[in-house]
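coords below, sequence missing:
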């Protein structure tokens, strides 16, 4: 219910810093240097159930795989670990 909502445009005063995004198509991620960071704009294509996984370094952890797809129809798997894997999506 938005009848109590009011939206007003305010003049830009520079008090909130701009966030510089570096968007990369999913199909181009293979060309990015190892260790570099980038931003991906995509939709969720599918979400697997969270599963328990044994790791050497930290024992048993929860893992959930999310498939992302961008406007070029390229897709990539993203893994969520621990508490993030158990979040409601």
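Happy to help now that I have it. Every value quoted in this text rests on a predicted model; they were computed, and no experiment measured them. Numbers count the residues shown, from 1 in each chain.

what sits closest to residue 21 if chain neighbours are left out?
Here the nearest residue to residue 21 in space, its sequence neighbours aside, is residue 39; by C-beta to C-beta, 6 or more residues apart in numbering that works out to 4.6 Å. Where C-beta positions appear, they are placed from N, C-alpha and C, glycine not excepted.

pretty sure that neighbour contacts residue 25?
No - Residue 39 sits out of contact with residue 25 when judged by C-beta atoms under 8 Å, with a separation of 10.9 Å.

between the two, which has more neighbouring residues?
A direct count of neighbours by other C-beta atoms under 10 Å for residue 39 and residue 25 places residue 25 higher, at 15 against 10.

that one touches residue 68, doesn't it?
No - under the criterion of C-beta under 8 Å, residue 25 is not in contact with residue 68, lying 11.6 Å apart.

quick revisit: what are the bridge partners for the residue nearest to residue 21, then?
Taking DSSP bridges as the rule, residue 39 bridges to residue 23.

in contact with it, which residues?
The neighbours of residue 39, taking C-beta atoms under 8 Å, 6 or more residues apart in numbering as the test, are 21-24.

can you pick the most crowded of these?
The member of the contacts of residue 39 that has the most neighbours, counting by other C-beta under 10 Å, is residue 24 with 17 neighbours.

perfect, I'm done here.
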